[in-house]
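Chemist: All I have is the shape, not the residue letters:
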Ligand code: NOJ
């Protein structure tokens, strides 16, 4: 596909995920806050990101650390106030940074006033805002499994003698999106933030909002898989087109980035519709791909075939708040650095997870400090800003332990060291911003020895090659023509002619 002459912002942006609890605490309670994000915006601009995505900061009992919302139109006092949000948004916009916020439409908290009312009685006017079913206490209405808990996606309500559905924790009841009143109310929550000026939404498990009203059993052999990874109902596409209309009422290309937790790229791709549903969808299979050239060649081919194949724009992500960081998964700093070339060099929109630009590993969480029912605490460790004892937080012990080696591996120390992972990411993002080929250019995978994956990007006369050696040996490979090293993860000298050698677990951008 040729380069797009006037691409929308979300095609060329590098999006940076902030988990507000873990970014920076300014209030002294050990939990990060919106003011902590605002104070570090200059760092993000200097790094080279174009947009931030904030994980939920809504009022919440925090059973799922904010993905259990009690009010879609406010800020939890833990994170600040609506005024703090407005200040953050204005400060970001002043710096040319877009702001994407998380939106959690599939479920609320069980403490949300809607659910409290729904639960009150079978006659409650909001009973049908959630998914209630008859039955007996010993037998849930179907065989769906919940995520994060080893058990059914149903909780029996003894007072009203019915079951309610929850694809996640019992404290996260599913809204019933077949009810037009729910649709209207949720559209209203989008408008609330669009009116304030947000640039888009990351939509939590968006593929789950439409459900077959018959709620049929899943085949017995897959009944242990959480239903949130299986639900793929056509009704969601109608709902998404209507949500898209809401965003399209606003100027400036407000963006829908959907979390589609289906582990086949082809199924993820369907949520782009025909350009009338999501602008971007997370494609998670590469996030779960091992450090292996053949596996990655296959992932690239899948994105090209299924996403580009329907004229949609891919996304790339290596780490987030739900999975072990790629530095931890791949097991070495060299691999984590080389992986950044996949993220920032492949055609599509890259999504970074705060701290990966420091090469952070997951924290070791002693049993006494484990908090998350899904076991995801390690990747949510706080970001160390300095080498001081409180690492630039406000003094209090943070809600989770610090990641390993953060006396050296922190923002201040890495800024001073031009060989650091921080500077590598910074150079990659600068190279990307300066090159139409890397931003929107066509992509062609090249013939290489088995352990290397290399691809060429072209936009008019601008061209780049990106190459990654997935083995622990030095490999020789020369593309035809003269090429110069622009960015290197390992020993190769930037600015010099490419010698045709790629070091172990090393990656290059050539120009
Ligand atoms: C996906 C989010 O990324 C995760 O953190 C959350 O627990 C579930 N959706 C439920 O909202």
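Modeler: Yep, it's here. These numbers were taken from a predicted model, which means no experiment stands behind them.
Chemist: isn't residue 318 right up against residue 341?
Modeler: No - the pair residue 318 / residue 341 is not scored as a contact, 10.9 Å apart, by Cβ atoms under 8 Å. From N, CA and C alone the C-beta is placed, and that goes for glycine too.
Chemist: Now the element after the longest helix along the chain, going C-ward?
Modeler: When the chain is parsed with DSSP state H, its longest helix is helix 180-196. Going down the chain from helix 180-196, the next helix or strand is strand 200-203, by DSSP states H and E.
Chemist: Next, the buried residues of that next one.
Modeler: 200, 201, 202, 203 (16 or more other Cβ atoms under 10 Å).
Chemist: now do stretch 250-267
Modeler: In stretch 250-267, counting by 16+ other Cβ under 10 Å, buried: 254, 255, 256, 257, 258, 259, 260, 261, 262, 265.
Chemist: And these, which is closest to the ligand?
Modeler: residue 259 (5.7 Å; Cβ to the nearest ligand atom).
Chemist: Wait, that closest one touches residue 202, no?
Modeler: Yes - counting by Cβ under 8 Å, residue 202 is a contact partner of residue 259 at 6.7 Å.
Chemist: Give me the three-state assignment for the residue of the chain found nearest the ligand.
Modeler: Relative to the ligand, the nearest point of the chain is residue 67 (3.3 Å; Cβ to the nearest ligand atom). Per DSSP: H, G, I helix; E, B strand; the rest coil, the local secondary structure of residue 67 is coil.
Chemist: now swap in residue 429 and tell me
Modeler: helix.
Chemist: Let me know the pLDDT of the nearest residue to it once chain neighbours are set aside.
Modeler: Of all residues not flanking residue 429 in the chain, residue 48 sits nearest, at 3.0 Å (Cβ to Cβ, 6 or more residues apart in numbering). As predicted, residue 48 sits at a pLDDT of 98.
Chemist: If I follow the layout properly, residue 48 ends up in contact with residue 426?
Modeler: Yes - with contact defined as Cβ under 8 Å, residue 48 reaches residue 426; the gap is 5.8 Å.
Chemist: quick one, what contacts the residue nearest to the spatial centre of the chain?
Modeler: By Cα atoms, centre = their mean, the mean C-alpha position of the chain lies nearest to residue 320, the distance being 5.5 Å. If you count contacts by Cβ atoms under 8 Å, 6 or more residues apart in numbering, residue 320 has them with 17, 287, 351, 353, 379.
Chemist: and these, which two are the farthest apart?
Modeler: Farthest apart among those by Cβ to Cβ are 351 and 379. That separation is 14.2 Å.
Chemist: quick one: which of those two has more around it?
Modeler: residue 379 (28 against 25; other Cβ atoms under 10 Å).
Chemist: hang on, the earlier thing: next one: the residue of the chain closest to the ligand relative to residue 184, how far apart?
Modeler: Here residue 67 is placed at a distance of 23 Å from residue 184 (Cβ to Cβ, to the nearest Å).
Chemist: Pick out whichever of the two has more residues nearby.
Modeler: Legend: neighbour count by other Cβ under 10 Å for residue 67 and residue 184, higher for residue 67 (23 against 9).
Chemist: isn't the more buried one right up against residue 57?
Modeler: No - using Cβ under 8 Å, residue 67 makes no contact with residue 57, being 11.4 Å away.
Chemist: which regions of the stretch 401-511 of the chain sit below the pLDDT cut-off?
Modeler: Regions of the stretch 401-511 of the chain meeting the criterion pLDDT under 70 are absent.
Chemist: Correction: the previous question concerned the stretch 51-200 of the chain.
Modeler: In the stretch 51-200 of the chain (pLDDT under 70), no residue qualifies.
Chemist: who's in contact with the residue nearest to residue 429?
Modeler: 14, 425, 426, 429, 430, 432, 433 are the contacts of residue 48 under Cβ under 8 Å, 6+ apart.
Chemist: same check, this time on residue 73
Modeler: Applying Cβ under 8 Å, 6+ apart, the residues near residue 73 are 189, 192, 193.
Chemist: before we move on, what about residue 496?
Modeler: Counting by Cβ under 8 Å, 6+ apart, the residues that residue 496 touches are 484, 485.
Chemist: mind checking how far it is from residue 511?
Modeler: With Cβ to Cβ as the criterion, residue 496 and residue 511 are 12 Å apart.
Chemist: Next: residue 457.
Modeler: Counting by Cβ to Cβ, the gap from residue 457 to residue 511 is 10 Å.
Chemist: Common neighbours of those two, please.
Modeler: Shared contacts of residue 457 and residue 511, counting by Cβ under 8 Å, 6+ apart, come down to 435, 463, 464, 465.
Chemist: which two in those residues are spaced the farthest apart?
Modeler: 435 and 465 (11.6 Å).
Chemist: Looking at those two, which is more packed in?
Modeler: Remark: of residue 435 and residue 465, residue 465 carries more neighbours, 22 against 19, as counted by other Cβ under 10 Å.
Chemist: Show me what whichever strand or helix holds the more buried one pairs with in its sheet, parallel or antiparallel.
Modeler: Here residue 465 sits within strand 462-469, counting by DSSP H and E. Applying DSSP bridges, strand 462-469 is found paired with strand 452-459 (antiparallel), strand 507-510 (antiparallel).
Chemist: re earlier: go through the buried residues of stretch 250-267 and flag which are in helices.
Modeler: residue 265.
Chemist: need the buried residues of stretch 250-267 in CSV with distance to residue 407 and pLDDT, can you?
Modeler: Listed next are the buried residues of stretch 250-267 as CSV, based on distance: Cβ to Cβ, whole Å; pLDDT from 0 to 100:
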residue, distance to residue 407, pLDDT
254, 42, 98
255, 38, 98
256, 41, 98
257, 35, 98
258, 39, 98
259, 35, 98
260, 39, 98
261, 36, 98
262, 41, 97
265, 41, 98
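Chemist: what subset of the buried residues of stretch 250-267 is also close to the ligand?
Modeler: With Cβ under 6 Å from any ligand atom as the criterion, the buried residues of stretch 250-267 include residue 259 near the ligand.
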